[in-house]
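heads up, no residue letters with this:
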């Protein structure tokens with residue numbers, strides 16, 4: 001009597017599709033639910049249920065579902081296999097490549113298996129995070145990049161990884177065989193260009209917010225101060241005046257400008273004082289928020305701020321000539337290139353400004369990116385083509401050929417690249433949020449064409 005009741009309940013359930021079979025992991029034999037795309041017709045007198053092949057398989061799981069048609073004779077019938085294959089659209093490389101397996105292809109989320117056909121996906125322009133750690137099993141068939149860059153004409157010379165936090169400045173003094181880098185870990189490191197080894201570490205006890213070089217001097221932006229190092233004599237001076245972190249520095253017209261978090265730009269010029277070779281000559285006010293970037297060109301100083309504006313200053317009189325309002329986000333980087341001003345901002349745009357007959361600068365072109373701009377720099381290749389380097393918040397640097405803004409390649413990092421510095425002989429350097437300094441080289445000699 002009990003057996004007849006159980007049989008009746010199983011017959012009623014045959015009108016429902018087995019959810020575990022749909023996921024390829026039903027191991028009941030026999031199963032009281034239907035193993036097929038559509039349920040059978042309602043039970044009626046004279047109707048007799050016939051088991052599907054899947055019900056006779058001793059152990060039915062996801063591995064069996066991914067077996068190809070050539071193995072149907074092993075006990076897995078086509079009617080069972082087709083529903084899953086129709087959802088996947090095509091066989092995956094894991095079925096033919098020993099490096100791929102069902103675990104790598106089946107992504108289980110909330111208990112539901114999703115088969116992703118690698119062959120149907122377009123190549124990605126992202127670096128493979130498993131390749132970075134040496135654990136990618138896809139090899140050449142991986143859809144993500146197994147390289148720190150893509151595009152022709154670029155090679156990686158060295159990876160200098162001693163900093164513990166974000167690299168905020170890189171300097172390569174002319175004629176020197178030493179490279180300098182500053183970081184928010186509070187140190188400035190000196191690198192030997194011949195060996196690639198760190199030759200010296202200076203612990204400043206505070207975050208390095210910026211670092212530049214000019215002639216025989218290295219300038220380091222700190223909290224409420226600028227450190228000035230004279231390389232030939234190893235002498236050190238502290239320049240006071242800024243309020244907050246010094247986020248950017250530039251030298252123009254024999255004047256050192258330092259931009260601080262309080263929105264003020266401090267200016268120093270040479271002094272005959274034996275105690276300090278620099279004298280604070282002016283404080284340029286006008287921005288309502290922190291000044292984040294500076295550049296100079298055509299006897300002008302340009303400052304970009306978190307207040308979304310760019311101010312233009314006369315290098316001789318240090319007076320503000322005009323304010324440029326074109327961005328809708330923080331202005332993060334500025335460079336002058338010939339008669340043009342290029343600005344990048346967190347609003348995901350790069351704008352090109354040019355002087356007009358009326359006087360004020362006007363935007364002549366706007367290039368839109370998918371992510372906010374972090375840093376800009378530029379150079380000219382051996383053929384005279386201008387290449388703009390644009391770091392963005394997707395942890396990459398895009399290399400654009402100007403003026404068409406066609407992309408020539410990308411550089412990749414684990415975190416945002418905050419620093420881009422151009423050196424001689426086709427060398428350039430990047431520093432990212434992990435503390436890594438990368439040394440790159442154009443395969444053909446390039447010339448520096450822009451200052452940042």
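Sure thing, it's come through. Everything quoted here is computed from the prediction, not taken from an experiment.

which residue packs closest to residue 331, ignoring adjacent ones?
With sequence-adjacent residues excluded and distances taken as Cβ to Cβ, 6 or more residues apart in numbering, residue 331 is closest to residue 304, at 3.1 Å. All C-beta atoms are positioned from the backbone trio N, CA, C, and that covers glycine.

residues touching the one you found, list them.
291-294, 310, 331-334, 343, 345 (Cβ atoms under 8 Å, 6 or more residues apart in numbering).

repeat that for 6 Å
292-293, 310, 331, 334 (Cβ atoms under 6 Å, 6 or more residues apart in numbering).

what lies in contact with stretch 362-378?
326, 332-333, 335, 337, 344-346, 348-354, 356, 388-394, 405, 416, 420, 422, 449-450, 452.

go ahead and confirm residue 131 touches residue 147.
No: using Cβ atoms under 6 Å, residue 131 is not in contact with residue 147, being 8.4 Å away.

what about those two, which has more around it?
Shown here are residue 131 and residue 147; by other Cβ atoms under 10 Å, residue 131 has more neighbours (17 against 14).

that one in helix, strand or coil?
At residue 131 the chain is in helix, as set by DSSP: H, G, I helix; E, B strand; the rest coil.

in stretch 284-296, what counts as buried?
284, 286-287, 290-296 (16 or more other Cβ atoms under 10 Å).

and which of the residues you listed is nearest to residue 243?
Nearest to residue 243 out of the buried residues of stretch 284-296 is residue 290 (Cβ to Cβ; 10.3 Å).

how is residue 434 assigned, secondary-structure-wise?
Criterion first, three-state DSSP; result for residue 434: coil.

and if you look at residue 20?
Residue 20 ends up helix, using three-state DSSP.

what sits closest to it if chain neighbours are left out?
residue 26 (3.8 Å).

any idea which helix or strand comes after the one helix or strand residue 246 maps to?
Assessed by DSSP states H and E, residue 246 sits inside strand 235-252. The helix or strand immediately downstream of strand 235-252 is strand 255-260, counting by DSSP H and E.

the inter-axis angle of that following strand versus strand 235-252?
90 degrees (axes from the mean of the first three to the mean of the last three Cα atoms, to 10 degrees).

related to what we said a few turns ago, how about TSV for the contacts of residue 304, with distance to residue 203, pLDDT and secondary structure added?
Formatted as TSV, these follow (distance: Cβ to Cβ, whole Å; pLDDT from 0 to 100; DSSP: H, G, I helix; E, B strand; the rest coil):
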residue	distance to residue 203	pLDDT	secondary structure
292	26	98	strand
293	27	98	strand
310	35	98	strand
331	32	98	strand
334	31	98	strand
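
and the furthest pair within these?
Farthest apart among the contacts of residue 304 - using Cβ to Cβ - are 292 and 310, which lie 10.7 Å from each other.

before we move on, back to that, report the beta-bridge partner residues of the residue nearest to residue 331.
For residue 304, the beta-bridge partners are residue 293, residue 310 (DSSP bridges).

and the gap between it and residue 265?
As judged by Cβ to Cβ, to the nearest Å, residue 304 and residue 265 stand 11 Å apart.

returning to that earlier point: so how far is residue 152 from the residue nearest to residue 331?
32 Å.

what sits against the most centrally placed residue in the chain?
Centroid-nearest residue in the chain, with Cα atoms, centre = their mean: residue 395, separated by 0.8 Å. By Cβ under 6 Å, 6+ apart, the contact list for residue 395 reads 413, 415-416.

and for residue 260?
Applying Cβ under 6 Å, 6+ apart, the residues near residue 260 are 242-244, 246.

show me the shaky parts of this structure.
1-15, 21, 34, 36-125, 382, 444-452 (pLDDT under 70).

quick one, domains of it?
2-105, 149-448 (automatic domain parsing).

dump those domains into TSV; add distance to residue 138 as well.
Listed next are the domains of the chain as TSV, based on distance: least, Cβ to Cβ, whole Å:
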stretch	distance to residue 138
domain 2-105	6
domain 149-448	17
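
any idea what residue 341 is bridged to?
residue 336, residue 353.

quick check, it in contact with residue 353.
Yes: using Cβ under 6 Å, residue 341 is in contact with residue 353, at 4.2 Å.

state the number of residues packed around residue 397.
27.

done for today, thanks.
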